[in-house]
Every structure is written in structure tokens, then in C-alpha cells.
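Chemist: For reference, the sequence and a predicted model appear below.
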Amino acid sequence: MKVAWAGSREAFQVSDRMAKLVANDPVFEKFSKPMLGRKELFKNTLRKAAYAWKLINDLRLTEEEAKWLRHYIDEPNYTDLHWEMFVPAIEGQGTKEQKKKWLPLAQTMQIIGTYAQTELGHGSNVQGLETTATFDRQTDEFVMHSPTLTSSKWWPGGMAKVATHAIVYARLIIDGLFHGVHGFIVQLRSLEDHSPLPGLTLGDIGMKFGHGTYNTMDNGVLRFDHVRIPRNQMLMRVSQVTKEGKYAQSDVPRQLLYGTMVSVRQTIVADASKALSRAVCIATRYSVVRRQFGSRNGGPETQVIDYKTQQSRLFPLLASAYAFRFVGEWLKSLYIDVKQRLEANDFSTLPETHACTAGLKALTTAATADGIEECRKLCGGHGYLISSGLPELFAFYVPACSYEGENVVMMLQVARFLVKTVSNLGYKQPVGTAAYLGRVTPLLQNNCAVQTAEDWLNPDAILEAFEARAARMVIGCGERLAMFENPEEGFAELSIDLVEASLAHCQLITVSVFIQKLNHEIPGNGVKRSLEVLCYVYALFLLHKHQGDFLATGYLTPKQASLANEQLRTLYSKVRPNAIAFVDSFNHMDHYLCSVLGRYDGNVYPKLYEAAWKDPLNDSDIVDGIQQYVQPILKQKLHYAKL
Ligand SMILES: CCCCCCCCCCCCCCCCCCCCCCC/C=C/C(=O)SCCNC(=O)CCNC(=O)[C@H](O)C(C)(C)COP(=O)(O)OP(=O)(O)OC[C@H]1O[C@@H](n2cnc3c(N)ncnc32)[C@H](O)[C@@H]1OP(=O)(O)O
Ligand SMILES: Cc1cc2nc3c(=O)[nH]c(=O)nc-3n(C[C@H](O)[C@H](O)[C@H](O)COP(=O)(O)OP(=O)(O)OC[C@H]3O[C@@H](n4cnc5c(N)ncnc54)[C@H](O)[C@@H]3O)c2cc1C
């Protein structure tokens with residue numbers, strides 16, 4: 001199962017080796033992080049990032065190994081933006097000459113970059129950005145300027161204190177004419193003494209949610225006061241500006257300017273299973289250790305994992321972790337394919353890839369953030385302790401629902417893709433993830449054939465149910481949209497339904513990828529049979545949760561919906577004996593989990609007790625402030641107390 005989770009024996013070995021490397025090195029200790037103040041926390045992160053870079057070079061780690069090393073160090077920091085956004089932006093949007101100049105500098109970290117797109121006033125609406133880049137023909141330069149307060153760049157990670165360069169997105173203006181938003185490479189700091197260059201105002205935007213997690217990152221604010229950069233620092237793969245000030249667009253679609261976001265959204269989907277599996281591992285291990293009620297004749301109480309209600313909250317999350325792992329793997333292969341095509345100027349699969357990355361990013365991050373919080377509740381009161389590892393994990397993870405495309409905004413992008421696919425049905429056969437929309441007649445006419453709970457243990461029955469639900473919701477929206485004279489008005493009016501239809505479409509993708517995975521790529525029959533159980537849990541849980549959709553579209557009868565729920569309850573009993581094996585297969589080491597509740601050895605209570613004594617408040621019996629503020633109250637001489 002460890003190999004199935006990792007994807008291959010080699011992938012397992014690489015990640016395992018890097019997990020151990022980090023866990024065994026005292027520099028990467030992280031238990032004391034929540035006790036540090038912001039400045040110490042930040043310095044500590046800089047120290048770890050520098051040490052990691054030294055290890056990468058000294059040990060000559062491969063790119064894959066370096067990625068795992070950063071993952072296990074487990075602290076957001078400026079290198080995330082450098083490697084995940086700055087470098088890919090140059091790779092995807094730079095010309096050959098620009099790549100030749102900038103990539104070697106970035107890849108050896110002689111410069112450190114960030115991705116400065118969002119502003120105080122606009123994040124989702126990229127076309128609404130206000131920073132200007134005005135071409136000056138006389139000097140062959142662009143003048144970067146922040147004309148309003150709301151045009152201040154706001155959020156870019158690593159920008160406040162570390163980055164030396166940024167890809168800045170700004171409105172291109174030539175001779176007073178606006179030519180859309182483009183990316184520019186801008187130097188922010190001196191490479192000698194690290195001070196901000198003249199004309200730039202740079203700072204940190206302040207503390208973020210949760211103490212010890214995202215505050216390791218210096219998210220920044222940046223303002224320009226007529227800062228000049230050479231013309232050849234505009235990223236020019238998509239559009240070019242000549243020295244005469246002529247604006248030209250190549251055959252490459254404008255959407256490629258958004259390419260870096262597609263790349264990161266894909267990574268975010270791949271990473272969702274890491275965060276969810278981490279929370280599920282903690283909650284499952286603790287649910288086996290924790291006992292409440294049910295003692296008979298002085299025997300042990302019931303392990304909370306044996307309560308059906310606990311199983312009905314925990315096991316769908318366990319199944320979701322596996323589903324997201326497989327859909328992340330699948331999306332990665334789709335992305336690698338589109339990347340190769342883009343390099344060869346084949347843009348045909350870009351719209352589908354955009355819809356998949358946007359929709360799956362929204363689906364997996366929302367479910368993972370909610371899932372982490374549910375795992376915290378599954379651990380009862382102890383889940384609220386920082387030492388459970390869950391509050392910090394939630395605080396780190398939840399902004400994924402907003403960054404890289406706010407989730408609702410992303411689902412509306414999927415809706416645009418689906419509406420377009422449906423309106424083209426007469427003359428263009430849909431392919432890939434939308435292929436089922438080419439079979440609308442049977443999907444709209446046929447109804448579910450399930451008669452017994454056992455009938456739901458059939459991948460074809462499940463797939464057809466999810467296809468029929470998604471097709472009916474999408475076609476329904478399409479029909480209602482056609483009644484509007486102004487399509488944009490119709491889209492806005494129906495946006496709630498469109499988001500629900502998009503979710504149905506994305507859930508269909510995750511379910512079908514899970515089924516596909518079982519049909520083709522599982523090593524060993526035992527592993528395959530166990531994963532089949534999780535696949536059914538995932539699908540039937542979604543079906544139960546969204547049974548309103550399945551019933552309202554008329555594909556299922558209430559009886560069939562209740563048979564699905566009956567089967568789901570039976571499946572929970574099949575998951576129970578393997579629950580610990582399923583979470584051990586994630587291969588998460590104690591160092592990585594950083595959780596007293598999720599310890600591999602189950603030694604929860606002594607370690608919880610021990611951890612409490614490490615709190616700074618326990619350094620002494622009488623702490624600072626007691627004598628000054630509590631003793632005077634205790635010693636007051638009042639005849640009666642007034643509330
Ligand atoms: C104890 C516990 C402790 C726990 C601690 C744990 C710590 C762990 C740390 C581990 C670290 C390890 C790290 C490694 C990996 C990290 C990887 C992730 C790094 C993440 C860092 C996050 C930083 C965040 C960065 C950002 O947020 S950057 C900014 C992102 N911004 C957005 O996403 C903006 C969203 N908006 C848009 O994308 C667009 O504006 C829009 C798409 C919404 C609208 O665009 P537009 O207005 O132009 O218009 P249209 O809607 O009309 O679209 C026009 C057509 O273009 C198509 N389109 C749109 N986008 C794209 C695209 N991207 N690609 C292709 N096509 C696109 C539309 O579909 C339209 O098409 P049509 O014309 O056919 O309809
Ligand atoms: C931790 C973190 C790190 C970040 N790092 C970076 C970075 O490195 N670089 C960078 O450039 N940016 C970064 N960002 C910014 C991030 O990309 C934006 O916050 C994100 O894209 C959301 O945009 P917004 O804040 O404008 O949200 P808004 O769009 O203002 O969203 C507010 C609400 O309005 C709704 N809404 C907006 N538009 C629509 C619509 N058309 N239809 C229906 N509802 C709508 C949304 O659903 C949401 O509920 C980061 C943000 C965070 C939280």
C-alpha cells in the first residue's frame with residue numbers, strides 16, 4: 001500500500017530517504033516553533049532554508065529529492081515562491097533569450113524571486129490590476145508606477161524581506177494606449193547590501209492567521225514611484241514591444257500569461273492529499289488510543305474509532321485522502337502533457353487543463369481544509385492543543401481556499417468551460433474529462449438500475465450515476481442560460497447553479513480517476529481489494545452527501561439513495577480492521593506529523609503530559625504578573641464584592 005500511495009517503488013524510496021534525512025537532523029526541529037516571537041520565527045526559517053540549500057548542493061540532490069526535502073522541512077518560506085512561481089513564470093512566459101539570461105541566475109539562487117500579481121484592491125480580477133508599466137521610447141525603458149493606494153502590491157510571499165527580484169504584473173501602456181496586463185522582471189533589492197532599490201517601498205503586510213505556520217513567510221507590500229527597468233525585462237513570449245514602441249502579439253494565446261497559475265494549481269491539487277492524509281493519520285491513530293464509555297464488568301471502555309458516528313466522519317476523509325492522491329497524480333500527468341504541447345506551440349488542450357486545474361484546486365482545497373477541521377473535532381478537546389498538530393496544520397492549509405484563485409471564482413471558470421462545451425455540442429464532439437457530455441441522450445433518458453444495496457458495489461453503476469447527475473445539472477444550466485438575451489447577465493444570474501454543476505463535474509473526475517486507478521495500476525490483489533473498499537466509500541459518501549442533486553435530477557429514486565447509504569454503512573465495517581494500516585501507508589514520520597496524538601507508538605497520554613511541561617508558563621510556579629496584578633486583588637479589604 002505504501003508503494004500504491006507513493007506511486008512507484010522509486011518514488012517511495014526517494015520520499016522515505018528525504019523524510020529520514022530531515023527527521024534526523026536537529027536543525028529541522030520544529031516542536032518549539034509555536035513558542036517563538038515573529039522575528040525569531042522568521043530568522044529560524046531563514047536559517048533552515050539556508051541549511052537546506054547547503055544540503056541540496058553538498059549532497060547533490062536531484063530536483064525530485066530537493067522537492068521532498070523542502071516538503072519535509074515543513075515550513076512555508078520564500079523559496080516556495082522562488083521555485084514554484086518565479087522560475088516557472090520565466091520558463092513559461094520568457095523568450096529564449098530571457099530564459100538564457102535569467103534562469104541560470106535563478107536556478108543557482110544568485111537571485112531570489114517572487115510573484116507579484118495581487119494588489120490591495122484586486123486579486124481575483126487580474127484585468128483590474130492598477131500598477132502601470134509605461135513605455136518610454138527615449139530611454140528604451142518601462143516606467144513602473146503605483147498610481148493609487150489600491151495599486152500597492154499586497155501578499156507576494158518572500159517579497160517583504162528576502163526577494164531580490166519579482167515578476168510584477170502591470171498594465172502595459174504605450175503612447176497612452178492600454179495593451180492589457182503583462183509580466184515584468186523587476187529588481188527589488190541591491191545584490192550587494194540587500195537594501196530596497198530607489199523608488200521602491202517594501203514591507204511586510206503583518207501577522208497572519210495561526211501563529212507558527214504562515215508567519216514564517218514574509219508576505220509583502222510593494223509600491224513603485226516611477227521606477228525604470230530596461231525594455232527587455234518585459235516577459236515577451238506572448239506579446240512583444242519593440243524599441244520603436246510597437247506592440248505585437250505572437251500566435252501564442254494571451255491566456256499563457258496565466259500559465260504560472262495553472263502550474264501552481266496543479267501542485268496544490270497534488271499537495272492536498274499530503275495535508276489531508278496528515279490530519280487523517282493523526283485522527284485515526286488517536287481514535288484507536290482514545291476510549292470513552294462502554295466498559296462492561298470493569299473491562300476496557302470502547303475505542304472511539306468503533307463508534308459508527310466516528311467512522312462515518314473519519315473514513316470518508318481517509319477515502320478522500322486516497323482519492324486526492326490519485327487525482328493529483330493524474331492531473332500531474334495531464335499537466336506534463338500540456339506543458340510539452342505548449343513548448344511545441346500546440347495549445348489545443350489548454351482550456352481543458354485550465355478547467356481541470358481550477359476546478360480540482362477548488363474541490364480538493366475546500367474538502368481538505370474542512371477535513372482537517374473535522375479531524376480536530378474527531379480528537380475531542382485534545383485536538384485543540386497545538387501539540388495535537390491539527391490547529392497549526394489547519395492555519396497553514398486554509399488559505400489554499402483563497403490563494404491561487406479563490407475557490408468560487410475557480411468553479412466559475414469551470415462553469416465557463418462546461419457552458420462552452422455544451423453550446424458547441426452540435427458540431428464539436430467533447431473529449432477528455434468532458435467526453436460524457438457527448439453521450440447526453442442516454443445520460444438524460446436512462447435511470448439508475450440499482451435494486452439492492454449490493455448493486456452499488458459496481459464501478460459502472462457508480463460512474464453512470466455521477467455522469468448522469470453532472471450531465472443533467474450542466475445541461476439544465478445550459479437550457480436556462482439560453483433563455484437569457486444577454487449571456488453574461490444569464491451567467492451571473494445562474495452562477496449559484498453553475499457552481500454546483502461545476503462541483504458535480506469535478507467530483508465525477510475524482511471518482512472516475514479513482515476507478516481508473518483500480519482498473520490499471522495497483523500492485524497486488526490484497527492492496528487492490530482494500531483500495532476498492534475506499535473507492536466505494538468515497539463515491540457513496542459523495543452520493544449520500546449530495547443526494548439532493550441525484551434525486552432532484554431524477555436519476556435516482558429515494559429508495560436507491562437509501563440503498564447507497566445502507567451500503568456505505570456496511571463498508572465502514574470493512575474499513576475498520578485496516579484503518580491503521582491505511583494511515584501507516586502514508587509513511588508519515590512522527591517528526592513530520594509533529595503531533596502527540598498521532599504518534600506511531602500510540603504513547604499518547606505520557607507524551608501529552610510531558611509536552612505540557614515544556615510550555616514557558618510552566619518555567620516557574622509564580623509567573624511574571626501574578627504579584628503585580630493578582631496579589632493586589634487577593635489582598636484587597638472590601639466589605640462586599642461588587643460584580
Ligand atoms: C505542525 C503543523 C505545521 C504545518 C505547516 C505545514 C507547512 C508546510 C509547508 C510545505 C512547503 C512545501 C512546499 C512546496 C510546494 C508549494 C507549492 C505551492 C506554493 C503555493 C504558494 C502560494 C502562494 C500564492 C500565490 C498566489 O496566490 S499568486 C496570485 C494568484 N492569483 C489568482 O489566482 C487570480 C485568479 N484570477 C484569475 O486567474 C483570472 O483573473 C480569472 C481566470 C478569474 C479571470 O480572467 P480574465 O478576466 O482574463 O477573464 P476571463 O474569465 O474572461 O477569461 C478569458 C479566457 O481565458 C481563460 N483562462 C483564464 N485563466 C486561464 C488560465 N490560467 N489558463 C488558460 N486559460 C485561462 C478563460 O477560461 C477564458 O476562456 P474563454 O475565452 O474560452 O472563455
Ligand atoms: C497566504 C496567501 C499567500 C498569497 N501569496 C500571494 C503571492 O505570492 N502572490 C500574489 O500575487 N498573490 C498572493 N496571494 C493573494 C491571492 O492570490 C488572492 O488573495 C486570491 O487570488 C484571492 O483574491 P482576492 O483576495 O482578491 O479575493 P476576492 O476576489 O476579493 O474575494 C472575496 C470574495 O468575493 C468573491 N468573488 C470575487 N469575484 C467573484 C465573482 N466574479 N463572482 C462571484 N464571487 C466573486 C469570492 O468568492 C470571495 O468570496 C496570497 C494570498 C494568501 C492568503
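Modeler: Looks like it arrived, so ask away. Residues are numbered from 1 along each chain as shown. Ligands and ions are numbered 1, 2, ... in the order given.
Chemist: Starting from D497, give me the distance back to Q240.
Modeler: Remark: distance between Q240 and D497 (Cβ to Cβ, to the nearest Å) = 42 Å. The C-beta positions use only the backbone N, C-alpha and C, and glycine is treated the same way.
Chemist: Just the residues contacting the host helix or strand of E489, thanks.
Modeler: Using DSSP states H and E, E489 sits within helix 487-493. Contacts to helix 487-493, defined as Cβ atoms under 8 Å, 6 or more residues apart in numbering, come from residues 415-416, 419, 480-481, 483-484, 498.
Chemist: switch to 7 Å and redo it
Modeler: The contact list for helix 487-493, computed with Cβ atoms under 7 Å, 6 or more residues apart in numbering, reads 481, 484, 498.
Chemist: From the chain's centroid, how far away is that helix?
Modeler: Distance, stretch centre to chain centre, for helix 487-493: 29 Å (Cα atoms, centre = their mean, to the nearest Å).
Chemist: Likewise for stretch 611-625?
Modeler: On the basis of Cα atoms, centre = their mean, stretch 611-625 sits 37 Å off its chain's mean C-alpha point.
Chemist: now swap in stretch 599-606 and tell me
Modeler: Relative to its chain's centre, stretch 599-606 lies at 30 Å (Cα atoms, centre = their mean).
Chemist: what's the answer for stretch 140-160, then?
Modeler: Centre-to-centre, stretch 140-160 and its host chain are 26 Å apart (Cα atoms, centre = their mean).
Chemist: Check which residues of it are buried.
Modeler: 141-146, 151-160 (16 or more other Cβ atoms under 10 Å).
Chemist: try stretch 434-454
Modeler: Using 16+ other Cβ under 10 Å as the test for burial, stretch 434-454 gives 434, 436-437, 440, 443, 448, 450, 453.
Chemist: if we can go back for a sec, so the helix holding E489, near ligand 2 or not?
Modeler: No. Helix 487-493 lies apart from ligand 2 when judged by Cβ under 6 Å from any ligand atom; the minimum separation is 7.9 Å.
Chemist: hmm, that helix in reach of ligand 1?
Modeler: No. Helix 487-493 does not reach ligand 1 (Cβ under 6 Å from any ligand atom); its nearest approach is 9.9 Å.
Chemist: Now do the buried residues in that helix.
Modeler: 490-491.
Chemist: Only the C-alpha atoms, please, for that helix, written as PDB.
Modeler: Extracted as PDB, the C-alpha positions of helix 487-493 are listed here (Å, rounded to 0.1, in the frame of the first residue of the first chain):
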ATOM      1  CA  PRO A 487     -25.400  35.600 -22.000                       C
ATOM      2  CA  GLU A 488     -23.200  37.400 -19.400                       C
ATOM      3  CA  GLU A 489     -26.400  38.500 -17.500                       C
ATOM      4  CA  GLY A 490     -27.600  34.900 -17.600                       C
ATOM      5  CA  PHE A 491     -24.300  33.600 -16.400                       C
ATOM      6  CA  ALA A 492     -24.400  36.000 -13.400                       C
ATOM      7  CA  GLU A 493     -28.000  35.200 -12.600                       C
END
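Chemist: Compute the mean per-residue pLDDT across that helix, please.
Modeler: Averaged across helix 487-493, the pLDDT comes to 97.
Chemist: Pull up the gap between the closest residue to ligand 1 within the stretch 501-643 of the chain and T95, please.
Modeler: Proximity to ligand 1, evaluated over the stretch 501-643 of the chain using Cβ to the nearest ligand atom, is greatest for C594 at 4.2 Å. As defined by Cβ to Cβ, C594 lies at a distance of 44 Å from T95.
Chemist: The two: who's more crowded?
Modeler: Neighbour tally, C594 and T95, criterion other Cβ atoms under 10 Å: the higher count belongs to C594, 24 against 17.
Chemist: Output the below-cut-off pLDDT ranges for the stretch 301-450 of the chain.
Modeler: Along the stretch 301-450 of the chain, the model assigns pLDDT under 70 to no residue.
Chemist: Close to ligand 2: what parts of it are there?
Modeler: Counting by Cβ under 6 Å from any ligand atom, the residues of the stretch 301-450 of the chain close to ligand 2 are 399, 402-406, 408-409, 412.
Chemist: cool, and the chain?
Modeler: Contact residues (Cβ under 6 Å from any ligand atom) of the chain with ligand 2: 81, 115-118, 122-124, 155-157, 214, 219, 399, 402-406, 408-409, 412.
Chemist: Can you name the residues that contact whatever residue of the stretch 1-150 of the chain ends up closest to ligand 2?
Modeler: For the stretch 1-150 of the chain, the residue closest to ligand 2 is G123, as judged by Cβ to the nearest ligand atom, at 2.4 Å. Neighbour list for G123: empty [criterion: Cβ under 7 Å, 6+ apart].
Chemist: again, 8 Å this time
Modeler: Contacts of G123 (Cβ under 8 Å, 6+ apart): 117, 155, 406.
Chemist: in the stretch 501-643 of the chain, which segments are predicted with low confidence?
Modeler: Ranges of the stretch 501-643 of the chain meeting pLDDT under 70: 639-643.
Chemist: now the helices for it?
Modeler: Per DSSP state H, counting those that start in this stretch, the stretch 501-643 of the chain carries helices over the ranges 525-545, 547-552, 558-575, 579-584, 590-593, 604-612, 631-634.
Chemist: Next: the stretch 51-200 of the chain.
Modeler: Going by DSSP H, counting those that start in this stretch, the stretch 51-200 of the chain shows helices at 63-73, 78-81, 87-93, 96-107.
Chemist: For the chain, just list every one of the strands.
Modeler: 113-116, 132-136, 141-145, 153-154, 165-174, 177-187, 200-204, 220-224, 227-230, 239-241, 247-249 (DSSP state E).
Chemist: Tell me which of those is the most buried.
Modeler: Of all the strands of the chain, strand 113-116 has the most neighbours on average by mean count of other Cβ atoms under 10 Å, namely a mean of 29.
Chemist: hmm, the longest helix that the chain contains touching ligand 1?
Modeler: Looking across the chain with DSSP state H, the single longest helix is helix 308-343. No. Using Cβ under 6 Å from any ligand atom, helix 308-343 stays clear of ligand 1, coming no nearer than 9.6 Å.
Chemist: tell me what that helix is packed against?
Modeler: helix 259-289, helix 350-378, helix 495-520, helix 525-545, helix 558-575, helix 579-584 (3 or more Cβ pairs under 8 Å, 6 or more residues apart in numbering; DSSP states H and E).
Chemist: who touches the closest residue to the residue of the stretch 501-643 of the chain closest to ligand 1 other than its chain neighbours in this structure?
Modeler: Distance criterion Cβ to Cβ, 6 or more residues apart in numbering; nearest residue to C594, sequence neighbours excluded, is G389 at 4.9 Å. By Cβ under 8 Å, 6+ apart, the contact set of G389 is 278, 282, 593-598.
Chemist: Flag every residue of the stretch 301-450 of the chain that's near ligand 1.
Modeler: Contact residues (Cβ under 6 Å from any ligand atom) of the stretch 301-450 of the chain with ligand 1: 350-351, 354, 389, 392-393, 396, 403-405, 409, 413, 416.
Chemist: quick one: which of the residues you listed sit in helices?
Modeler: Among those, the members falling in helices (DSSP H) are 350-351, 354, 392-393, 396, 409, 413, 416.
Chemist: circling back to that earlier point, could you pick out the buried ones from the residues of the stretch 301-450 of the chain next to ligand 2?
Modeler: Buried among these (16+ other Cβ under 10 Å): 399, 403-405, 412.
Chemist: Which residue would be the closest one in the stretch 151-300 of the chain to ligand 2?
Modeler: Per Cβ to the nearest ligand atom, W155 is where the stretch 151-300 of the chain lies closest to ligand 2, at 3.5 Å.
Chemist: which of the buried residues of stretch 140-160 are close to ligand 1?
Modeler: Restricting the buried residues of stretch 140-160 to those near ligand 1 by Cβ under 6 Å from any ligand atom leaves G157.
Chemist: No further questions, thank you.
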